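S.K.: this one's structure only:
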């Protein structure tokens, strides 16, 4: 036996001992004990790296001033939890108004973006003249953008500066979401649509009565994509909004949490404020809570919506 064959056999024996070896396909075999332990270790470390920072943020937002002073600014487990930071936030005109702006932009923007994406995806999923040209023109927008200065000049010429519509209209259409939704629409059996057309249904009737009820999964997922984008957007507000009364919550988060601007009672518009550290962490929790609460209800649609649409496309 040659040295190379001997080394190969030793390597194969060690690999088989660690990860299991069989003539059957890998997905038909139960994982070996070392492989299972390694997976548990990796998943555990990743989970801890995510859960611990989130727990620190939430705990610090509930911590009292004395505990924050003793812990040096961050608390893992509050011994005397208090809601003063949240009461101050919702009593503050600055933060409460920013929450209202973010909710309005997210709700209205998501509804309008879904309407635009659904109409265009359905139109280009049907065989129409010039459909391929329009499809390629939309795909090109995924790789090229007009740039900050032309976009700013356009928003200015449309007299949209310092309006909430400057936060909605630039993100009203996403080429990736359009492609996923169009791919899903193309997966609907053509015979079903043609039978409805034979019965006298028009395009709008087919879209509303047949296509949309069959596309709840992809609509839910694309709607979540748009909602997360609108809710987390702060860069457009930095560009187009100079009036602080129209700031969304994410711009408040960036200015007072990331950049370190002090959250005093005067800036919040209240008579007395808790420690700035607890207020900052409370703002982070309030900014994250809507998406964290909505995501579990829409998670079941991901594999059926996005993955199915992408494969069919």
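M.R.: Ah, there it is. Computed from a predicted model, the values in this text were never measured in an experiment. Residues are numbered from 1 along each chain as shown.
S.K.: so for stretch 49-63, what gets flagged as buried?
M.R.: Neighbour-count burial for stretch 49-63 flags 57, 58, 59, 60, 61, 62, 63 (criterion: 16 or more other Cβ atoms under 10 Å). Backbone N, C-alpha and C define where each C-beta goes, glycine included.
S.K.: for the second one, pull up the helix or strand it's in.
M.R.: So the one you mean is residue 58. In the assignment (DSSP states H and E), residue 58 maps to helix 33-62.
S.K.: for the helix or strand that that helix is followed by, packing partners?
M.R.: Where DSSP H and E defines the elements, the next helix or strand beyond helix 33-62 is helix 65-71. Applying 3 or more Cβ pairs under 8 Å, 6 or more residues apart in numbering; DSSP states H and E, one finds that helix 65-71 contacts helix 276-298.
S.K.: okay, the angle between the helix it packs on and helix 33-62?
M.R.: 130 degrees (axes from the mean of the first three to the mean of the last three Cα atoms, to 10 degrees).
S.K.: contact partners of helix 276-298?
M.R.: With contact meaning Cβ atoms under 8 Å, 6 or more residues apart in numbering, helix 276-298 is reached by 57-58, 60-63, 65, 68, 73-74, 84-86, 88-89, 95, 99, 106, 220-221, 224, 227-228, 231-232, 249-250, 252-253, 256-257, 262-264, 268, 273.
S.K.: now the buried members of those residues.
M.R.: Going by neighbour count (16+ other Cβ under 10 Å), the contacts of helix 276-298 have 57-58, 60-63, 68, 84-86, 88-89, 95, 99, 106, 220-221, 224, 227-228, 231-232, 249-250, 252-253, 256-257, 263, 268, 273 buried.
S.K.: give me the subset of those residues lying in strands.
M.R.: The strands, defined by DSSP state E, take in nothing from these.
S.K.: out of the residues you listed, which sit inside helices?
M.R.: Judged by DSSP state H, helices contain the following of those: 57-58, 60-62, 68, 84-86, 88-89, 95, 99, 106, 220-221, 224, 227-228, 231-232, 249-250, 252-253, 268.
S.K.: rewinding a little: let's test this: mean pLDDT of the helix holding residue 58, rounded?
M.R.: Across helix 33-62, pLDDT averages out at 88.
S.K.: the residue nearest the centre of the chain and residue 189, how far apart?
M.R.: Most central in the chain under Cα atoms, centre = their mean is residue 228, positioned 3.8 Å from the mean C-alpha point. Residue 228 sits 31 Å away from residue 189, taking Cβ to Cβ, to the nearest Å as the criterion.
S.K.: go on, residue 241?
M.R.: Noted for residue 241: a distance of 47 Å to residue 189, by Cβ to Cβ.
S.K.: comparing the two, which residue is more hemmed in?
M.R.: For residue 241 versus residue 189, neighbours defined as other Cβ atoms under 10 Å are more numerous around residue 241 (21 against 9).
S.K.: that one and residue 255 touch, don't they?
M.R.: No. The pair residue 241 and residue 255 does not pass the contact test of Cβ atoms under 8 Å, sitting 11.8 Å apart.
S.K.: can you work out which residues contact both of those two?
M.R.: Contact criterion Cβ under 8 Å, 6+ apart; residues bridging residue 241 and residue 255 by contacting each: residue 247.
S.K.: identify the residue spatially nearest to residue 60, adjacent ones excluded.
M.R.: Excluding the flanking residues, the one nearest residue 60 by Cβ to Cβ, 6 or more residues apart in numbering is residue 281, at 4.2 Å.
S.K.: where's the closest residue to residue 68 other than its chain neighbours relative to residue 178, distance?
M.R.: By the measure of Cβ to Cβ, 6+ apart, the closest residue to residue 68 outside its immediate chain neighbours is residue 275, 5.2 Å from it. Remark: distance between residue 275 and residue 178 (Cβ to Cβ) = 46 Å.
S.K.: go on, residue 241?
M.R.: According to Cβ to Cβ, residue 241 and residue 178 sit 27 Å apart.
S.K.: check residue 100 too.
M.R.: 30 Å.
S.K.: neighbour-wise, which of those two wins?
M.R.: For residue 100 versus residue 178, neighbours defined as other Cβ under 10 Å are more numerous around residue 178 (22 against 12).
S.K.: I figured that one hits residue 119, correct?
M.R.: No. Using Cβ under 8 Å, residue 178 is not in contact with residue 119, being 10.3 Å away.
S.K.: what's the closest non-adjacent residue to residue 89?
M.R.: Nearest residue to residue 89 in three dimensions, chain neighbours excluded: residue 95, at 4.7 Å (Cβ to Cβ, 6+ apart).
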